[in-house]
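Chemist: coords please:
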Amino acid sequence: MRDLSLTQKFAEIYPELVAVAGVTMSDEPLSQRTTLHVGGQPIATVTCTSIEAIVAVVTTCDANHIPVLIVGGGSNLVIADGTVDCVAVLVACDEITVNLATGLVQAEAGAVWDEVVELAVASGLGGIECLSGIPGSAGAVPVQNVGAYGAEVSDVLTRVRLLHRDTGIDEWVPASELELAYRYSNLKFTSRAVVLAIEMQLNPDGLSAPLRYGELARSLGATAGGQRQPATQVREAVLALRRAKGMVYDVTDHDTWSAGSFFTNPVVDAERAEQIAARFPDQQVPRYPVAGTEEVKMSAAWLIQHAGFDKGFTLPPGRAGLSTKHTLALTNRGEATTADIVDLARHVRAGVAAEFGVLLEPEPVWIGIEI
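Modeler: Alright, predicted model coming up:
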């Protein structure tokens, strides 16, 4: 049931918000703004087409103790069904600036991430081509330190423009202050700041980042020993690999109605990894040593499949299921609710834990629910 006191508070600040340049209001549900196509009804949906509008809306809501949910591309969110007691702020500022001389690229938080990659590569800059095809917005990228095919945004991120919600200060912060790690930053599990823009240092020679991922390197006829290739070729190869796995968003393809890779690849102690591998002597069990530790990163997709969950697996009544192309994507088959997605996630997670003693951690941000 909606908290009517919040509705009243929002009604009181509504005239102030609609007077802000770059702000528009609607009552659309969050299911229209997530790539999972699930999510309930917020108090209001406020679209901000400038950084100044974001700052004004967020600071005004904060001053009036109205919860805010920042939404970019909606590709990393799992939001509760029903009423959601928050104002959804849609980040729609999308300017991208490329400096060919220095290789610096700045992108406002609402810029579509793959359009940032596409422009950088087309401009002859290398370093983020392995991150092609990842859905979502530029503002979400540093929050979870997005990575794929052997690269992470932390490899190139120089600084992030943040709105500090406790003070209202808007400033550029060095990437070194974000504690970036595998699928993590110190922004991820807190609402203390809003990402307004990002800056990256790319390579002006037009060559890719060193190839570290075997599947990608093989598709290019190269080796995964740090070789560099033209960024344009690497981008096309990455997009082809992602499309084959249903990991490039297409509204007509329910395999892409997902939050991308739903679970992070688990890091386990070396002994546990050896025990699991010993059960499959005829297979190359994916294992990647974590530098400087006694731990090993394993493939969540492999663990899911070998725990008995094949591509296309569903729970009755079949509204949510694993992608038919990739076991790591939990998908909306067309009419799923958030509850359906959560039930599937819990079932898969419990199955992997029972089979291998490994607890998978979800990658998306959960709003109003827990796995």
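Chemist: my read is that residue 84 contacts residue 40, right?
Modeler: Yes: under the criterion of C-beta atoms under 8 Å, residue 84 makes contact with residue 40 at 4.5 Å. C-beta here means a position set from N, CA and C on the backbone, and glycine is covered the same way.
Chemist: remind me, longest helix of this structure?
Modeler: helix 338-356 (DSSP state H).
Chemist: check which helices and strands the next helix or strand after that helix sits against.
Modeler: Next along the chain after helix 338-356, taking DSSP states H and E as the criterion, comes strand 365-367. When contacts are defined as 3 or more C-beta pairs under 8 Å, 6 or more residues apart in numbering; DSSP states H and E, strand 365-367 sits against strand 77-79.
Chemist: how distant is the strand it packs on from the center of its chain?
Modeler: Centroid separation between strand 77-79 and its chain, computed with C-alpha atoms, centre = their mean, to the nearest Å, is 11 Å.
Chemist: for the most centrally placed residue in the chain, give its distance to residue 339.
Modeler: Most central in the chain under C-alpha atoms, centre = their mean is residue 76, positioned 4.3 Å from the mean C-alpha point. Going from residue 76 to residue 339 by C-beta to C-beta, to the nearest Å gives 19 Å.
Chemist: distance of the closest residue to residue 59 other than its chain neighbours relative to residue 53?
Modeler: Of all residues not flanking residue 59 in the chain, residue 168 sits nearest, at 5.2 Å (C-beta to C-beta, 6 or more residues apart in numbering). The spacing between residue 168 and residue 53, counted by C-beta to C-beta, is 15 Å.
Chemist: when those two are compared, which one has more neighbours?
Modeler: Neighbour count, other C-beta atoms under 10 Å: between residue 168 and residue 53, residue 53 has more, with 22 against 12.
Chemist: what's the helix or strand that one falls within packed up against?
Modeler: Under the criterion of DSSP H and E, residue 53 resides in helix 51-63. Judged by 3+ C-beta pairs under 8 Å, 6+ apart, helix 51-63 is in contact with helix 4-18, strand 23-26, strand 41-48, strand 68-71, strand 83-91, strand 157-164, strand 193-201.
Chemist: residue 105: neighbouring residues, count only.
Modeler: Using other C-beta under 10 Å, residue 105 has 26 neighbouring residues.
Chemist: so residue 206 makes contact with residue 123?
Modeler: No: using C-beta under 8 Å, residue 206 is not in contact with residue 123, being 9.0 Å away.
Chemist: quick revisit: got TSV for the helices and strands packed on helix 51-63, with distance to residue 290 and mean pLDDT too?
Modeler: Below are those laid out as TSV (distance: least, C-beta to C-beta, whole Å; pLDDT from 0 to 100):
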stretch	distance to residue 290	mean pLDDT
helix 4-18	44	94
strand 23-26	45	96
strand 41-48	39	97
strand 68-71	31	97
strand 83-91	33	97
strand 157-164	21	99
strand 193-201	25	99
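Chemist: export those to a markdown table and tack on distance to residue 221?
Modeler: Formatted as a markdown table, the helices and strands packed on helix 51-63 follow (distance: least, C-beta to C-beta, whole Å):
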| stretch | distance to residue 221 |
| --- | --- |
| helix 4-18 | 55 |
| strand 23-26 | 49 |
| strand 41-48 | 45 |
| strand 68-71 | 41 |
| strand 83-91 | 40 |
| strand 157-164 | 30 |
| strand 193-201 | 28 |
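Chemist: and of those, who's closest to residue 351?
Modeler: Closest to residue 351 of the helices and strands packed on helix 51-63 is strand 83-91 (C-beta to C-beta; 29.5 Å).
Chemist: now find how far off-centre the closest one is within its chain.
Modeler: Once both centres are worked out by C-alpha atoms, centre = their mean, strand 83-91 turns out to sit 18 Å from its chain's centre.
Chemist: which regions of the chain sit below the pLDDT cut-off?
Modeler: 1 (pLDDT under 70).
Chemist: now with 90?
Modeler: Counting by pLDDT under 90, the ranges of the chain that qualify are 1-4, 182-183, 189-190, 214, 222-226, 288, 291-292, 370-371.
Chemist: quick one, domains of it?
Modeler: The record's domain parsing of the chain by automatic domain parsing lists 4-91, 96-244, 254-367.
Chemist: buried residues in the helix holding residue 53, which are they?
Modeler: By 16 or more other C-beta atoms under 10 Å, the buried positions in helix 51-63 come out as 51-62.
Chemist: if I pick the spatially closest residue to residue 169 that is not a sequence neighbour, what's in contact with it?
Modeler: Of all residues not flanking residue 169 in the chain, residue 163 sits nearest, at 7.5 Å (C-beta to C-beta, 6+ apart). Contacts for residue 163 (C-beta atoms under 8 Å, 6 or more residues apart in numbering) come out as 54-55, 58-59, 169-170, 193-194, 196.
Chemist: do the same with residue 51
Modeler: Contact partners of residue 51, counting by C-beta under 8 Å, 6+ apart, are 93, 108-109, 161, 170, 196-197.
Chemist: 6 Å instead, please
Modeler: By C-beta atoms under 6 Å, 6 or more residues apart in numbering, the contact set of residue 51 is 93, 196.
Chemist: need the strands for the stretch 201-350 of the chain, in chain order.
Modeler: Using DSSP state E, counting those that start in this stretch, the strands found in the stretch 201-350 of the chain span residues 267-269, 287-289, 295-298, 320-322, 330-332.
Chemist: what is the fourth one packed up against?
Modeler: Contacts defined by 3 or more C-beta pairs under 6 Å, 6 or more residues apart in numbering; DSSP states H and E place strand 320-322 against helix 338-356.
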